[in-house]
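K.L.:
Just the structure for this:
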Amino acid sequence: MKFTLKFRVLLLFIFTAALLYCVSGTAHGKSTDALNITDWSILWSDSAGDSSESVPLNVPADEWQPAASKILKPPSAKAVWIKMELPAVDTSTPSILLDKIYGKEISIFADEVKLYESSRTYNYKRNQIFLPLYEELTAGNLYIRVVMSKDYVNMQDKAYVGDFHTLLTRFVKNNLVDIVLGCTFIFIACVMLVWSIFLNRRYMVSVFSLSLVILSVGILVFTYSPFLYTLFENYGRLFTQLYDISLLILLPSFSLFFEKMFGPGQNGLLRKLRKFQMGYSAFCLLFLLLNYLSSDRFNEMYYFFSVKVLGFMMIIQFMLLFVSSMVYAVKGNKDAVIFNIGFAIFAGISLGELIRFFVSGGDYHLFLWKWGVAGFIGALIIILGRVFAQNHEQIIKYSKELKMFNNELQRSEKMDIISELAASVAHEVRNPLQVTRGFLQLLSGKSKAAEREYLDMAMIELDRASGIITDFLTFAKPEYGRVAVLQVSDEFKHIEGILAPLAHLQGGKITVDIPDDICIQGNSSKFKQALINIIKNSIEALDGEGQIHIRAYVVQEQVFIHVEDDGEGMDADVLTRLGEPYFSNKTKGTGLGLMVTFRIIEAMEGNIHYSSKKGVGTEAVITLPAAGS
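P.N.:
Alright, predicted model coming up:
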């Protein structure tokens, strides 16, 4: 019940901070600004464990040491008394904020009345104290007893007196970033953990390891804030243990994510490092449990392994991962470049804070590192997103290729069926047709004019049927007869002579632009048959005036022949079906002409590609192996 009440207070503080931040400059903005306490002095004490030590009210003023800056404690001193003269504040709700004071035990007195007491047995000694004061106390003295945790005392510019609402805003604002940022990381990590359950094994480990990294960082940020230890002081030990556990989970998780993104490293070095870190983290966790069960009997040893040794390992890990990512980046890995940018942001901010920390002699509270970590985690999320995007694109590519291969397989099966049918039937059908045509010719010579007209029509249809059978035979077994080296320009001169009159009748014009030195290998009659079918389709597509342009060239021992027209064009669904048996977009077409054309070109080890746009025109590109002249 006590925890629930304090949790409500935490939520209230967060809400109050957000509200006060939004309305700054209004009602509370008119209250008295906080006054910084600069007049304070200290008195060293040799008693560390006696919390009932009397308040030194009657100690002469000359025994108090003025404190204008950081003061090192004497070797024999265990505690220190701090006396502050509180300035007068024009407010009905005065309060005091001690922003940073280090100590194991802290007691605050107004004269001999104890206002506050805190005792910490866990390893987090930074205290942040916010107390309301009764109005009569302002302009009086405040006594603070501190059992030292550092070798110096320094509170200058860290104590404020002012209106309760003004200092509440300062108190919550100073800690709100830690709470919000930590909770954000924890929320994102929980969502990713749930998400990873539904992924396949290939992606599960990457998402799971990154979610552990983000969760660990969120808990580190959350438990690093003094706000928790101020509001939930009784749970401080739990918070410090959560901090240690998160740090022990962070390092192997980070190594695992890096390994999944970039590989195990040269000779599996990164994988070996990750396995060692997992073992060492397990060792430290067991040591943490042992130290807890033994009431901190092994605290110094645990501190050595979990802080000093672990810190040294962190330096080695980050150096090794950074060098590895630099190698990958030099090799052109874009993910490694993003990793280096994120790491540079984190390292630059952290290095700047460490320099300031050491320059100040340890009297600087690190806080900007959280934003460096946020930038670094953002880079890791971008890397993971890029991997998912690349895999998605690859899946789409494979799907398109699979669809194309499936269409090719279906087309091949259709062609095989037609080939078998044509080879088995065509010869048997052609012989009766020829016999029938012969008898019809004999009858035509002896028939009257009226009867001869019907017989001529019958022979025309028989010739048409014979032509279809010839196409079947050509498709089933496109034998060339005599194969020779063909000069493409000469072949097109014959083709142009045949089809130019037909084009003129349609109102069109054929232009040929083919160099004399382009040669291919094949049968002249079959090659002409294939090109005549293609050009005839272009002539029929003109539907009036238009132009057909034929050109050819050689690129890397491949002959490219383009047949372009500015006819009516075709839709995309028609283009995909060109060359299929019995498919035709002409009223009287059988669909065998292009089928035979494709078969002839394929037999010549070439291919045909059509491109067209409705209302613009069509282009057929025939590719064939070049031959010596």
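K.L.:
Show me what secondary structure element comes after the helix or strand hosting residue 388.
P.N.:
Using DSSP states H and E, the secondary-structure element containing residue 388 is helix 369-446. Following the chain from helix 369-446 toward its C-terminal end, the next helix or strand by DSSP H and E is helix 449-476.
K.L.:
Please, where are all the strands along the stretch 451-600 of the chain?
P.N.:
Here the stretch 451-600 of the chain has its strands, by DSSP state E, counting those that start in this stretch, at 484-487, 508-513, 519-522, 546-555, 558-565.
K.L.:
Tell me which of these sits nearest to residue 40.
P.N.:
The minimum distance between residue 40 and the strands of the stretch 451-600 of the chain falls on strand 546-555, with 87.9 Å, by C-beta to C-beta. Glycine gets a C-beta too; all of them are placed from N, C-alpha and C.
K.L.:
so what does the closest one touch, helix or strand wise?
P.N.:
Other elements packing on strand 546-555 under the criterion 3 or more C-beta pairs under 8 Å, 6 or more residues apart in numbering; DSSP states H and E are helix 488-506, strand 508-513, helix 524-542, strand 558-565.
K.L.:
For the stretch 1-150 of the chain, which residues score under the pLDDT cut-off?
P.N.:
For the stretch 1-150 of the chain, residues meeting the criterion pLDDT under 70 lie at 1-33, 48-53, 68-70, 135-139.
K.L.:
which stretches of it form strands?
P.N.:
The residue ranges that make up the strands of the stretch 1-150 of the chain, judged by DSSP E, counting those that start in this stretch, are 35-36, 40-45, 65-66, 71-72, 79-85, 94-102, 105-110, 113-119, 126-132, 141-147.
K.L.:
Export these as CSV, with columns for distance to residue 456.
P.N.:
Formatted as CSV, these follow (distance: least, C-beta to C-beta, whole Å):
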stretch, distance to residue 456
strand 35-36, 119
strand 40-45, 127
strand 65-66, 132
strand 71-72, 126
strand 79-85, 127
strand 94-102, 113
strand 105-110, 122
strand 113-119, 119
strand 126-132, 112
strand 141-147, 124
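K.L.:
Include mean neighbour count and distance to residue 348 when you put the ones you listed into JSON lines, please.
P.N.:
Rendered in JSON lines, the data for the strands of the stretch 1-150 of the chain read as follows (neighbours: other C-beta atoms under 10 Å; distance: least, C-beta to C-beta, whole Å):
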{"stretch": "strand 35-36", "mean neighbour count": "14", "distance to residue 348": "31"}
{"stretch": "strand 40-45", "mean neighbour count": "18", "distance to residue 348": "37"}
{"stretch": "strand 65-66", "mean neighbour count": "12", "distance to residue 348": "40"}
{"stretch": "strand 71-72", "mean neighbour count": "14", "distance to residue 348": "32"}
{"stretch": "strand 79-85", "mean neighbour count": "20", "distance to residue 348": "37"}
{"stretch": "strand 94-102", "mean neighbour count": "21", "distance to residue 348": "25"}
{"stretch": "strand 105-110", "mean neighbour count": "21", "distance to residue 348": "36"}
{"stretch": "strand 113-119", "mean neighbour count": "14", "distance to residue 348": "36"}
{"stretch": "strand 126-132", "mean neighbour count": "18", "distance to residue 348": "25"}
{"stretch": "strand 141-147", "mean neighbour count": "22", "distance to residue 348": "35"}
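K.L.:
what's the closest of the strands of the stretch 451-600 of the chain to residue 386?
P.N.:
Set against residue 386 and scored by C-beta to C-beta, the strands of the stretch 451-600 of the chain come closest in strand 546-555, at 36.0 Å.
K.L.:
Give the pairing partners of that closest one; include direction for each.
P.N.:
Taking DSSP bridges as the criterion, strand 546-555 forms sheet pairs with strand 508-513 (parallel), strand 558-565 (antiparallel).
K.L.:
Looking at strand pairing, list the partners for residue 611.
P.N.:
Following DSSP bridges, residue 611 is listed with bridge partners residue 619.
K.L.:
again but with residue 521, I slipped
P.N.:
The partner residues for residue 521, given DSSP bridges, come to residue 485.
K.L.:
Could you number the chain from 410 rather than 1 from now on?
P.N.:
In the new numbering, first residue 410, that becomes residue 930.
K.L.:
pLDDT wise, what is it at?
P.N.:
pLDDT for residue 930: 87.
K.L.:
what residues does stretch 592-612 touch?
P.N.:
613, 616-617, 619-621, 623-624, 626-628, 630-631, 786, 797, 800 (C-beta atoms under 8 Å, 6 or more residues apart in numbering).
K.L.:
on that earlier part again, just checking, what packs against the helix holding residue 797?
P.N.:
By 3+ C-beta pairs under 8 Å, 6+ apart, helix 778-855 packs against helix 573-606, helix 610-633, helix 645-671, helix 743-768, helix 858-885.
K.L.:
now those in CSV, with mean pLDDT, mean neighbour count and distance to residue 970?
P.N.:
Shown next, in CSV, are those (pLDDT from 0 to 100; neighbours: other C-beta atoms under 10 Å; distance: least, C-beta to C-beta, whole Å):
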stretch, mean pLDDT, mean neighbour count, distance to residue 970
helix 573-606, 85, 18, 54
helix 610-633, 86, 21, 46
helix 645-671, 87, 20, 48
helix 743-768, 76, 16, 41
helix 858-885, 71, 15, 20
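K.L.:
Show me how the record splits the protein into domains.
P.N.:
Taking automatic domain parsing as the domain assignment, the record places the domains of the chain at 441-582, 887-1034.
K.L.:
closest one to residue 753 among these?
P.N.:
Closest to residue 753 of the domains of the chain is domain 441-582 (C-beta to C-beta; 29.2 Å).
K.L.:
how far out from the middle of the chain is that closest one?
P.N.:
Its chain's average C-alpha position is 50 Å from that of domain 441-582, according to C-alpha atoms, centre = their mean, to the nearest Å.
K.L.:
that older thread, mind putting the helices and strands packed on helix 778-855 into TSV with distance to residue 737?
P.N.:
Below are the helices and strands packed on helix 778-855 laid out as TSV (distance: least, C-beta to C-beta, whole Å):
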stretch	distance to residue 737
helix 573-606	24
helix 610-633	16
helix 645-671	5
helix 743-768	4
helix 858-885	54
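K.L.:
Residue 718 is nearest to which of these?
P.N.:
Between residue 718 and the helices and strands packed on helix 778-855, the tightest spacing by C-beta to C-beta is seen for helix 645-671, at 11.8 Å.
K.L.:
count of neighbours near residue 778?
P.N.:
Burial of residue 778 is recorded as 18 neighbouring residues (other C-beta atoms under 10 Å).
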